Each structure stands twice: as structure tokens, then as C-alpha cells.
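1. Here's my sequence, what's the structure:
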Amino acid sequence: MQLDRDTCRRRRQRESSAYCSGTAASLLMLLAGAYPPRAHAQAVAPPDAVPASQTTAESVAADAAFDTGILQQRGLDPQIADYFRSAPRYRPGRSSVVVYVNDIRRGRINTRFDEDGALCFDKTFLGAAGLVVPDAKYAVDGDVGPDTCYDFVRAFPGTDVTLKPGREEVRLVVPTAALRQAVADFSGYSRGGNAALLNYELMAMRSEASGMPGSHFLSLNSELGVNAGDWILRSRAYSQSQDHSGFQSRHLYAYGQRTWLRLGATVQGGQINIANSVLTGAPLTGIQIFPDAALSKQERNVVMVEGVAQSQARVEVRQAGGLIYTTVVPVGPFALTDLPLLNNSSDLEVTVIESDGARRSFVVPAASISAGTLGQRPGYAFAIGKSRNLDGNKARSPWVASASGSWALGRRNNIGAAALFAPGYQAASWGVDMRVSSSSSVKLQQRASLQARKSGTQIEVSGIFGGLHENLSMSFSSAYQSSGYRTLDDFTVDAGQPGFAASRFRSRHTAALAWSDSRLGGLTFGYAFSNQQNGERTQRLNFSWGKSFAFGTVSLNVERDLSPRRETRYYGSRAYDRPDNTYYVSLSIPFGKRSVRTYASNTSGYTRFGANYNERIGDRLNYALNAERNTRDRSNAVSGQAAATSRIAQVNLGFSDTGKRARSYYGGASGGVVVHASGVTLSPYPVQDTFGIVSASGVSNVKINTPQGPVWTDLWGRAVVPRLSPYSSNRVEVMTTTLPRNVDIGNGFHQVDPGRGSVNRIDFELTRVRRALLNARDSEGNLLPSGAYVLDGRQHYVGTVLEQGQVFLNNGAGTDALTVALPDGRQCLLKYVLPERPSPGTLFESADARCTFQ
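-> Model prediction:
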């Protein structure tokens, strides 16, 4: 049997295959003399041959009758014939395979196969593949335990299992009812864990100008925190220094909180902001209880898309023109839930592609997906405490008590009410959200206040209307506030200070209209009007248009200030009383990970022309350069920025030169530090209230995709998952392409279901292996015959002798003694020695081997 060595080498690079000489069944049939001449040529084809060849070889293997006498003469156990008599299958035990569920890659999973080579649907596999665990009655052995295999096909009729040993793949097509939903029982979410953290954001800037002394600015925003026993403790402060004034620090807040699942609410105490569902929040030093908004995700397993497939079909879901989800469903009704939406305002375009290529499409309005929720969890909130001073202008700090409630009225309406009490000040509010159609909703809210027997009110109404016409939508908002209305913040400040009346509005109105067309592009019109209590008015009108062409994207933005002229406005040293009007046009041309943008802008009669170059290098670095010409003072300006994400921090650097001997430089760094039971781990992102620690078995520089973004393991093989959505399913996955070549992974995907405040430990089992290509000879120096089997100490199949006596071992550092079953029925002991130190950059090592007879 002849094999192309280059083909073997390419296959070993493409997949971690343990052998490269066709299927084990094909070799066995050759040894046993079971192939007719015509089938021989078909059977020796590689496993990745065309489907017709695979079908022929499999049918021959299924019908073949092995000569057990020949197998015994060649030193092979006749039971091997029974194992390989049918279609290609996996060896009994565990194998690392890539699993696809409904054509969605679930990652590489360490999967168990039974004595017949059939897939074992145990709890470990079901959890990693995101499948439902069947009832106990479907247990294969009748007893339910951690290692129990379930009859998944009987539990979920219509399930199709395809095993592809040659590709190290398992492909499943299952009914949508078999897909595991987000955890429905709160007890299923992780709890506990202890860790301390520090988040920081540091920025430094220096400015230089001709004839003036240079100035510098330094700021530090920091947050200290502890997570312990589901308690969350946080303290945030801000410090800055301007020139030689020294550091000025301000403490922003410090609080502790914990969510009680039994109550469905969060208790928070310390320096807090009122979590009032109707009245605007205010800073307090006190305690409050309120519904945890994340718990509303408990109800997110709603059906977003329903349909019927006439055959095994592929379903594609698009939103805002982008493909957000694709899957394969079996014949019959299907239901899709928990889709990764881009937003809550764009419709879903669903296409069902049948097996014969027929297509059917329909639209699911976005408003119908979240009907009845409107982003607000029903429940009650209570708060009590003393008003807190944040900016130093408080005239009083009274005690405050607040209560609010929110209720769902059917599927389309929500209503809420609230009240707030303080000595000398009272406020009340009510509001309702109404869904008037499948794509339109309106919100109405009223607030009232009473201070020193002077009352006031504030009324707001807003709405969004979709489906007015094809590709046309509109939104609006309007608010009115009487002169006597006061918020709690207004009540606590000195109303006589300058600018107080100017800071309060009388009425505000906004409107927006959007239209898009595949040929003309997208158009947006917007209008905003504001009238302050002191009579000052502002009006602005904006327009934008954008269109993508084959060469790039063209955009136009216009903003007009329609406000009345003021008596005196200054631009530098000149009086300037005209409203500002801005016109901006740009052309952006992409070149892969690079882009060039040219633009022109005109503001108040002065024009700027510029060009920008942007490039992204890998996952960690991007930079931009900009050059600009100002026609007003005939000056040229250049600037540059660079941003890098490392394993430990995010770093930003930049400079600017205005061409008038004025320059500025800045630099910044941000990230987080987590102290946990295993040590100290740095994060390039700020760490949120619910997070995790990844352990990659001590392997460094492994890229891991998290909900926050990619992170990389440190020298000790650990990394921080900085943000996990509480009471939801989070995907954490190892990018296997970043693993060293001598490292294998059992399961590169974990689905994490955390409770709020939990510190989650996520362990990926990585194993260092030493793949070896042996040049094997017998005791007399002759090459071992091609086609002989390599067996381990338990006489299990390990590999096959290739041409020129080569033997490929997936783990050449194993402790089991290896034997070779020769065609003449004898067995010899295979001995070899690998170098003491393996090379991590080498796919496999080469060594000489001797096979001696016992």
C-alpha cells in the first residue's frame, strides 16, 4: 500500500490525527484478505476523499467477512474484526473531537465512546455541547450517575448523529427542544468565591506653547473592591493634579450589596444612588432594596422565531443587514430563543433554506420580541438615608425616604408609581409604557413636587414608530416643566446661586426621521428645541446621509444652529455673533485591516481639509495618523494615536502639533488587578461585579475569548474574565490556534452561568504531548513492514506502520510499552528514546526505534 508522504504531512498539520494511512477498517480488511480487487482501490482512499468514495468503502466494510484465521496468523486479536466490521467508528474510551450541533461549532470536547464506538451522551458531553439532559428513564444502564450514558436519540426523536473519525468530528442535528436554554432555576447559577480587586484608569498630558511655560495634567480614577460570599463591596475615588497645584482627591462612593434570589431583590447599603424606577435617582448615604434587573433575564427564554421546516433546513437570521445567527434544524416545527441581538429596535429577517435549495423568508418585528417587558422588571423598591454631597454646593443634607413599584399590565403595558419624602420636600410620580402596535410604543410619565407650599410638575412623552412605510421610522420626545418643579437635587442646592435658573428648562422637544434605500443609501433628519426658564432658547437641525459603494463609503453631515443671535459671542479675540453651522463630508476607503479617510469640514465659514490613515495590527495594536489644513489661519496640523491591549493593561499614546509652535502629548493606561486564592492576576479591562478566573494548566500566552473581549494567559497560565453577565449564559472559549504545538486540549469551550457577585473558576484541561514520528527497524536493521499494527500494553490499537517503517505516535512520551503485530504473526517490542527537552514549536519529533523480539 503506497501513501503520499506530503499528503500525510499536510493532514497532520491540518488536524491532530493519530495516523495517516486510511481508516483502520481499511487496513484490517487488507490484512484479513477481505477486499475484492475493485474495493481495494476504493478502500485505500484517504478519509477526506469525495463522498462517493466514502460511501463505497463504508458499504464494502459493512458487508465484508473477515478471515479470522489470517488475523490470528498475523498476530491480531480476531475480536478486532467484529469492531471494524461496520462503518468507520471511534476507538472505545475518550477522544478529543470537534463537536457541531445544528451546524454550530461547540468546540473541541473530550468525548467518551462505548465499546461499540458509539457516542456516549453523558452529562459532561451534554453540558459542553449545550444540550438538555434527558429524563432518568432514558439512562442506558437504568442507573443515573455522573458517568451515565443516555439514549439521546430515543429521548429526542429526529436526532441525527454523524461520526467522522477521519476528521475527528462529531456532527449532531437535534430538535430545538433538545437545546439547553438559559438556566430556568436560580439554584443552577454559580455562587460564592472570594477575591479582591483594583480597577484603575491613569492619564497624563503635557502641553507646550511658544512663549508660555509648559503645563501638565495628571489624573487617576480608581476603584477598590471585594467579592466574598456573593457580597459585593466597592469604593471609588478620583484624583487629579494640574501643574504645581498638587493632588486633589474626591471620594465618589463606597457601598456593599448582595442579591437574595429567594426575594428576587438586591439589598444595597452605603453611599448609593436611589434605584427608583420612576423618579430620578439621587445620591444618599443609606440603604435600599430593589429588584435586580439581571433577574429579568430569567424570562428571556421567550420564543423569538418560530417556523416549520419541510426538510432538514438551514435557518439564517439577520438584523440590521448583518447575519447574527445561523443553525440547522430537523424537519418539522422549530423555535429559536436567546438570539444574540444587535439591538432592540431592528426587525429580524428570517430565511429558511430547505435541503433542495428552496428559500422562504419572513420578518419578525423587534417590538414583538420583548413585548410586556420594556426593559423594566416588575417589583418594589425602597430606600432610606441622608442626602449626600457630591460637588460641594449642597445647602442642606436632609433625610430622605423613597418607595416605588412597577407592574405589568398584560403583555403590552407596564405601569409604575413612586413617592419620595424629605423634611420640607415631597415628590410623587407615575408612568406608563404602552405598546400600540407590533413595532410602535409610547411612554407617558408625570412627576410632581411640593416644596415650601410651592408645587410644580414635569410631564414627559416619547415614542418610536416603525413600519410607517417600507424602511421608514420615526421617534420623538417632548418634556414640559413648570417653574415651581424641583428635583431632590434642586432642593438640596442653593437656589440663589448664579446660573440656577438658566440650568432649568421649561420645555424640550426632539424628533427624528430615518429612511434607507439600497440604491440611495440612508438618510436621517433630526430636530431639537429647548427653552430654558430664563427665556433662553436653542434650536438645532441635523441631517446625515451615507452610502456604501464598491470603492468605499461616502457620508455627509449637516448641522445648523437655528438659535436666535446673541448680543456678543466671541471667537478668539473677535466678536462673533453668528450661530454655528457645520458641514462635514468624508470618503472612507478600506484596505483590509487598513483604511484611508479624507474629509472636509466647514464651521462658521472656515474650512478644514484633512486625511486620516488607520491600521489594525493583530488583536492587540491599532494606530492612526492624521494631517489637516485650516484655511482660517492657514496652518497645518498633524496628530497621531496608538492603542495597545496587552496581557496586563490597555495603553494609549498620542501627540498633536498645531503648526503654531504648540504641541501636546498624552499617555494613558487602564486595567484591573485581581487577588484570588491562586495568586495575583492582571486584566487589561476593568473588572466588573461578576467575573471569573481562567486557568489554562500553566500554559502562557493562550488567547481566550470572553464576553468582554479577548484576554491572554499570563506566565502562570491564568487570566481574568473581567465581566460575566449575571443570571445568564456566558461563553468562554480558548482559541486553539494560539496553543503551542505540543499542547492538546480536552474541551476548549465552557458555558458559565454565574450568579451576581460570584467569582467563577474556569479550568481548561491542557495536556503537553510529544508527538513522535519514529523510523522503526527490527533487530536485524530491516524496516518494519508497512501496514503492521502498533498496540499498547492492553493490546489496544495505537497506530499503524507507514511506508519506510515510519510510525506516528500522538503521544510518544507515554509510559505504556508498545508492541508491533507483524504480518507473520509475531510481535516485537518497540523501543525508542526522545530528547530530554521537547521543542514547543515543533509539531512532532523524529527518533529512531528498534523493535526487538522477546
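2. what's the neighbour count on S449?
-> 24 (other Cβ atoms under 10 Å). Using the backbone N, CA and C atoms, a C-beta is placed for each residue, glycine as well.
3. Quick check: which element contains it?
-> If you go by DSSP states H and E, S449 is part of strand 440-451.
4. Mind listing the strands that strand pairs with, and their directions?
-> If you go by DSSP bridges, strand 440-451 pairs up with strand 425-437 (antiparallel), strand 454-469 (antiparallel).
5. Nearest to G269 among these would be which one?
-> strand 425-437 (22.7 Å; Cβ to Cβ).
6. Can you point out the buried residues in that closest one?
-> Using 16 or more other Cβ atoms under 10 Å as the test for burial, strand 425-437 gives Y425, A427, A428, S429, G431, D433, M434, R435.
7. for stretch 723-740, same thing?
-> For stretch 723-740, by 16+ other Cβ under 10 Å, it's 723-730, 732-734, 736, 738-740.
8. coming back round to it: so what touches the strand holding S449?
-> 278-279, 367, 374, 424-436, 455-467, 484-487, 491 (Cβ atoms under 8 Å, 6 or more residues apart in numbering).
9. Centroid-nearest residue for this protein?
-> The centroid of the chain falls nearest to P707 when counting by Cα atoms, centre = their mean (3.4 Å).
10. quick one: contacts for that one?
-> By Cβ under 8 Å, 6+ apart, the residues touching P707 are V721, R723, L724, S725, N730, R731, V732.
11. Return the two entries of the buried residues of stretch 723-740 that lie farthest from one another.
-> Y727 and P740 (36.4 Å).
12. hey, where'd the helices end up in the stretch 351-500 of the chain?
-> Using DSSP state H, counting those that start in this stretch, the helices of the stretch 351-500 of the chain run over 366-369, 488-492.
13. scratch that, the chain is what I was asking about
-> Counting by DSSP state H, the chain has helices at residues 5-14, 24-32, 37-43, 51-63, 68-73, 79-83, 123-129, 152-155, 366-369, 488-492.
14. quick one on the thing from earlier: dump the strands paired with strand 440-451 into CSV; add distance to D753 as well.
-> CSV is the format used below for the strands paired with strand 440-451 (distance: least, Cβ to Cβ, whole Å):
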stretch, distance to D753
strand 425-437, 30
strand 454-469, 33
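15. looking at those strands, which is closest to F362?
-> strand 454-469 (14.6 Å).
16. per-domain residue ranges of the chain.
-> Domains of the chain are assigned by automatic domain parsing as 93-180, 297-369, 680-766, 769-854.
17. circling back to that earlier point, looking at the residue nearest to the centre of the chain now. What's its pLDDT?
-> In the predicted model, P707 carries a pLDDT score of 89.
18. R105 too?
-> 80.
19. Give the full set of residues in contact with it.
-> Here R105 is in contact with V98, V99 (Cβ under 8 Å, 6+ apart).
20. next one: L774
-> So L774 contacts Q806, V807, F808, L809, G812, L830, Y832, S846, A847, D848, A849 (Cβ under 8 Å, 6+ apart).
21. what's the neighbour count on the first one?
-> By that I understand Q806. As a measure of burial, Q806 has 22 neighbours, counting by other Cβ under 10 Å.
22. what does the second one give?
-> V807 is flanked by 26 other residues according to other Cβ under 10 Å.
23. same thing with V798?
-> 24.
24. Might one say that it is in contact with N811?
-> No - in this structure, V798 is not within contact of N811 by Cβ atoms under 8 Å, at 9.5 Å.
25. List the buried residues of stretch 110-117.
-> In stretch 110-117, counting by 16+ other Cβ under 10 Å, buried: N110, T111, R112, F113, G117.
26. S210: which of these is nearest?
-> N110 (67.0 Å).
27. so how far is E223 from the closest one?
-> 39 Å (Cβ to Cβ, to the nearest Å).
28. and the residue nearest to L715 when sequence neighbours are not counted, what does it touch?
-> Leaving aside its chain neighbours, L715 sits nearest to S700 (5.1 Å; criterion: Cβ to Cβ, 6 or more residues apart in numbering). S700 sits next to T713, D714, L715, W716, G717 when contact means Cβ under 8 Å, 6+ apart.
29. again with T736
-> R108, I745, G748.
30. I'd like to know how far the nearest residue to the first one once chain neighbours are set aside sits from Y832.
-> The one in question is R108. Among residues not flanking R108 along the chain, G748 sits closest, at 4.8 Å (Cβ to Cβ, 6+ apart). Distance, G748 to Y832, by Cβ to Cβ: 30 Å.
31. what about those two, which has more around it?
-> Using other Cβ under 10 Å as the criterion, G748 and Y832 rank with G748 on top: 24 against 17.
32. Test my guess that I464 contacts T510.
-> No - using Cβ under 8 Å, I464 makes no contact with T510, being 11.9 Å away.
33. mind putting the contacts of T736 in TSV, distance to N636 and pLDDT included?
-> Rendered in TSV, the data for those read as follows (distance: Cβ to Cβ, whole Å; pLDDT from 0 to 100):
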residue	distance to N636	pLDDT
R108	54	79
I745	53	83
G748	51	84
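34. still on that earlier bit, which of the contacts of S700 fall in strands?
-> The members of the contacts of S700 all map outside strands under DSSP state E.
35. follow-up on the earlier one: go through the buried residues of stretch 110-117 and say which is closest to D561.
-> N110 (64.1 Å).
36. The closest one: what's it in contact with?
-> So N110 contacts R94, S95, S96, T124, G746, N747, E765 (Cβ under 8 Å, 6+ apart).
37. Could you list which residues are in contact with R777?
-> Counted by Cβ under 8 Å, 6+ apart, R777 has contacts L783, L784, G805, D848, A849, R850, C851.
38. Tell me the bridge partners for the residue nearest to the third one when sequence neighbours are not counted.
-> To tie it back to what came earlier, the one meant is G805. Leaving aside its chain neighbours, G805 sits nearest to L783 (3.5 Å; criterion: Cβ to Cβ, 6+ apart). On the basis of DSSP bridges, L783 is bridged to R777.
39. Turn the strands paired with strand 440-451 into CSV, including distance to A600 and mean pLDDT.
-> Rendered in CSV, the data for those read as follows (distance: least, Cβ to Cβ, whole Å; pLDDT from 0 to 100):
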stretch, distance to A600, mean pLDDT
strand 425-437, 42, 87
strand 454-469, 33, 86
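40. N534: which of these is closest?
-> Using Cβ to Cβ, these put strand 454-469 closest to N534, at 16.1 Å.
41. mind listing what's buried in that closest one?
-> Here strand 454-469 shows G456, Q458, I459, E460, S462, G463, I464, F465, G466, G467 as buried, counting by 16+ other Cβ under 10 Å.
42. And those residues, which is closest to R647?
-> I464 (42.7 Å).
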